[in-house]
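>>> my questions concern the predicted model and sequence given below.
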Amino acid sequence: MNSQDDMINPGSLEGICSKCGTHRIGNALRFSQHQVCPKCGTGLDIIESGRRKGTGYSPFTADKYTLDIHEKTPKSTDANTTDLSP
């Protein structure tokens, strides 16, 4: 136990923003919705027991993907769908 935080919450997670320095502590950092800096939107650096585990997910800094959508898509043949055409 190196710090006062370790004595209060042993094994808890820390999230530190590399852009603005915001610091968060808690096990909620295990979930992606809590791994984003609330001030600037950057993914937090996740640290557990003094060791860096990775960078949190941020929708603002995530890679952008595009889908190739064809003009004509085949009709669904799923039996659970209903045709709503007149």
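Arrived safely. Residues are numbered from 1 along each chain as shown.
>>> from here on, just use CA atoms for contacts and neighbour counts.
OK.
>>> next up, the contacts around the closest residue to Ile25 other than its chain neighbours.
Computed as C-alpha to C-alpha, 6 or more residues apart in numbering, the closest residue to Ile25 that is not its neighbour in sequence is Glu14, at 4.5 Å. Each residue near Glu14 by C-alpha atoms under 8 Å, 6 or more residues apart in numbering is listed here: His23, Arg24, Ile25, Gly26, Leu29, Asp45, Ile46, Ile47, Glu48.
>>> now Glu14: phi and psi?
phi -120, psi 140 (degrees, to the nearest 10).
>>> which stretches of the chain form helices?
For the chain, the helices defined by DSSP state H occupy 4-8.
>>> which stretches of it have low pLDDT?
1-11, 61-86 (pLDDT under 70).
>>> mind redoing it with 50?
Residue ranges of the chain with pLDDT under 50: 1-8.
>>> ranges for the strands of it?
13-16, 23-25, 45-48, 51-55 (DSSP state E).
>>> rewinding a little: tell me the buried residues within the contacts of Glu14.
Taking 16 or more other C-alpha atoms under 10 Å as the criterion, what is buried in those is Arg24, Ile25, Leu29, Asp45, Ile46, Ile47, Glu48.
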